[in-house]
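[1] Sequence first, then the predicted structure, then my questions.
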Amino acid sequence: MTDQPVIFEERTAGNGRKVGFARLDAEKALNALNPAMIAALRPQLDAWASDPDIACVVLHGAGEKAFCAGGDVVTMYHAIREADGGPSEVCEQFFEQEYRLDYAIHTYPKPLLVWGHGIVMGGGLGMMVGASHRVVTESSRIAMPEITIGLYPDVAGTWFLNRMPGRVGLFLGLTGAQMNAADALYTSLADYFVPGDQRDAIFAALAEVDWDDDPELNRGHLSVLLRRFADVSRDQRPESNVLQHLEFIDHVTDHHSVEGILESLRTAAPDDKWLATAVKTLERGSPTSARLIFEQFRQGKYLSLKQVFQRELNMSVQCTMHHDFPEGVRALLVDKDKAPRWQPSTIAEVDDALIEEHFQPPTGLDPSPLADLPE
């Protein structure tokens, strides 16, 4: 690890064009996304986007354990405490800048490859899901477990959970269930499975591509390269937990309420480790988050990507001003007693007004600071 939050490198390809590499460099922190990383990434991505010599960009993480384990919520916890119930400028700026980075990745004008090796959660998934080319490996562990800290699947979760087959996205959002590489492929969170030990070979192969001036042709060049590696690795893919349990997921999410889904899960009493863990996460998670996630999924189906980020900025800042988010971070990551005291303590006690409040713009966020995002 260096004193730089992100390490940038440019490698020259055979025809003189270049590939830009950005490596998140906080290995001990599992490359958790922090303001310094965001501040370094955004201008460099912009510079590469406008540089005619750069044909392709690669984003990956230091070490073997994680691409990015999520956002730096501990720093936000301390900022919330300092704000003493009011809006935290630190939190508002973090969410705004994080969402601007994610939006830039979603709309990047050149091929952008994310190497999703190891842990890819929360803010890490927010960066990966928007890339034009997403690679996962045998060690990929992907999830949006925000219900455990009183938050919800942000970073465009409203967008990508609604674009999964059926109501799989609702199930994954409510339960924080962990996905493997095959799950990521099935739910359209990733495009290619390649064994982790092929990373250096792929990175080297990028320098051998005969890149074009046209970004669309270059996307095709990158796709062909990655497919070549993926085709010889098909027999190494894990089994998809999501696909294996799809019928079960469909049945329990037929209910149009969190209470109904939870009761159905309890009644089914699945004798399956993956499902049992998912049920336990929903049972122990924030009741307010559970209701918020359900409404996020239900109301967000037809929103544009820009509208999604604008709404999620309101929701995220509202979460910092309510009880459960700082309490969840305290219990899981600060005091680490793993005994959050949720308020309200049951799903039945969460009223509609509390949930509706989370969708309203906090003071100072109307009009939205993200109104200038390009359509």
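    Ah, there it is.
[2] From now on I want contacts and neighbour counts done on CA atoms only, so please keep to that.
    Will do.
[3] the helices in the stretch 151-300 of the chain, which residues?
    157-161, 168-175, 181-186, 199-206, 215-231, 241-244, 246-252, 258-268, 273-284, 287-299 (DSSP state H, counting those that start in this stretch).
[4] same check, this time on the stretch 1-150 of the chain
    So, for the stretch 1-150 of the chain - with DSSP H, counting those that start in this stretch - the helices run 35-50, 73-83, 89-106, 123-129.
[5] hmm, back to that, Throw the helices of the stretch 151-300 of the chain into CSV and include mean pLDDT and distance to Ala79, thanks.
    Below are the helices of the stretch 151-300 of the chain laid out as CSV (pLDDT from 0 to 100; distance: least, C-alpha to C-alpha, whole Å):
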stretch, mean pLDDT, distance to Ala79
helix 157-161, 98, 24
helix 168-175, 98, 26
helix 181-186, 98, 34
helix 199-206, 98, 38
helix 215-231, 98, 41
helix 241-244, 96, 37
helix 246-252, 95, 38
helix 258-268, 93, 31
helix 273-284, 94, 25
helix 287-299, 98, 21
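[6] ok, Gly130 touching Ile105?
    Yes. Counting by C-alpha atoms under 8 Å, Gly130 does reach Ile105; the two are 5.5 Å apart.
[7] on that earlier part again, out of the helices of the stretch 151-300 of the chain, which comes closest to His60?
    Nearest to His60, of all the helices of the stretch 151-300 of the chain, is helix 199-206, at 10.1 Å by C-alpha to C-alpha.
[8] Please work out which residues outside the closest one touch it.
    Ala13, Val19, Leu222, Leu225, Leu226, Phe229 (C-alpha atoms under 8 Å, 6 or more residues apart in numbering).
[9] how near is the third one to Pro5?
    In this structure, Leu222 and Pro5 are separated by 27 Å, where distance is defined by C-alpha to C-alpha, to the nearest Å.
[10] again, but for the first one
    As for Ala13, its distance to Pro5 is 26 Å (criterion: C-alpha to C-alpha).
[11] same thing with the fifth one?
    When distance is defined by C-alpha to C-alpha, Leu226 is 28 Å away from Pro5.
[12] got a list of what the most centrally placed residue in the chain touches?
    Centrality entry for the chain: nearest residue to the mean C-alpha point is Leu125, 2.5 Å, by C-alpha atoms, centre = their mean. Residues near Leu125 by C-alpha under 8 Å, 6+ apart: Cys68, Gly70, Ile142, Ala143, Met144, Val155.
[13] Ok, Asn180 next?
    Listed by C-alpha under 8 Å, 6+ apart, the contact set of Asn180 reads Glu138, Ser139, Ser140, Arg141, Ile142, Pro238, Ser240, Asn241.
[14] Please narrow those residues to those residing in strands.
    Judged by DSSP state E, strands contain the following of the contacts of Asn180: Arg141, Ile142.
[15] could the contacts of Asn180 be laid out in TSV, adding distance to Phe297 and neighbour count?
    Below are these laid out as TSV (distance: C-alpha to C-alpha, whole Å; neighbours: other C-alpha atoms under 10 Å):
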residue	distance to Phe297	neighbour count
Glu138	29	18
Ser139	28	18
Ser140	25	26
Arg141	23	23
Ile142	19	26
Pro238	28	15
Ser240	23	17
Asn241	21	18
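[16] Return the member of the contacts of Asn180 nearest to Gly116.
    After measuring the contacts of Asn180 against Gly116 - C-alpha to C-alpha - the closest member comes out as Ser140, at 6.5 Å.
[17] And for the residue nearest to the closest one when sequence neighbours are not counted, the neighbour number?
    Leaving aside its sequence neighbours, Ser140 sits nearest to Gly118 (C-alpha to C-alpha, 6 or more residues apart in numbering; 4.2 Å). A total of 25 residues lie near Gly118 under the criterion other C-alpha atoms under 10 Å.
[18] separation between Gly118 and Phe160?
    With C-alpha to C-alpha as the criterion, Gly118 and Phe160 are 20 Å apart.
[19] ok, now Ala36?
    Counting by C-alpha to C-alpha, the gap from Ala36 to Phe160 is 26 Å.
[20] The two - which one has more neighbours?
    Phe160 (21 against 11).
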